[in-house]
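Undergrad: Structure for the following, please:
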Amino acid sequence: MSVANSIHSAQEQRNARREKKCRTILDFGTDREIMRLRARSLHQVGYEVLSSSNGFEAIKLATHEHVDAVVLDLDRNSAEVALVAAEIKRYRPQLPTILLAESTAPVDRAHQLADALVSNRANVTLLVTVLEDVIARVVA
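TA: Numbers count the residues shown, from 1 in each chain. Below is the predicted model:
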């Protein structure tokens, strides 16, 4: 493939994403391997994913970048995740937020921190369904 064809192909891909209204998801958690797998799965179904395992960086990304929704994984450090969720909601209260947790039993303050609660064992199809639902609620 020539350089010109390669550039043209990349431009076509960017245009297709724009026309498709590609959604950008911020994924915050502490297990980088799980986040990498989740990002790859979300990317395969058309999402762009910004990943962060640093709370300060996640807040900065959520408040300074175009992000359509946030996924927060309550994997190990639920106190830090709750703090990050609260800060994101403080700066961008309408930003759709999903908490991933060990179970879908009520998580302390979850209704204040997130628009949805999903099991972190759920497959990507369920996560995508919930993402589209919470994004649609904000857009409507």
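Undergrad: and the closest residue to Ala122 other than its chain neighbours, what helix or strand is that in?
TA: Nearest residue to Ala122 in three dimensions, chain neighbours excluded: Leu100, at 7.7 Å (Cβ to Cβ, 6 or more residues apart in numbering). Yep, even glycine has a C-beta here, placed from its N, CA and C like the rest. According to DSSP states H and E, Leu100 maps onto strand 97-101.
Undergrad: elements contacting that strand?
TA: strand 69-73, helix 78-91, helix 110-113, strand 116-119, helix 124-139 (3 or more Cβ pairs under 8 Å, 6 or more residues apart in numbering; DSSP states H and E).
Undergrad: Which of the ones you listed comes out lowest on mean pLDDT?
TA: Ranked by mean pLDDT, the helices and strands packed on strand 97-101 end with helix 110-113 in last place, scoring a mean of 70.
Undergrad: partners of the strand holding Leu100, with directions?
TA: Taking DSSP bridges as the criterion, strand 97-101 pairs within the sheet with strand 69-73 (parallel), strand 116-119 (parallel).
Undergrad: In TSV, list those strands along with mean neighbour count and distance to Phe28.
TA: Listed next are the strands paired with strand 97-101 as TSV, based on neighbours: other Cβ atoms under 10 Å; distance: least, Cβ to Cβ, whole Å:
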stretch	mean neighbour count	distance to Phe28
strand 69-73	25	5
strand 116-119	18	14
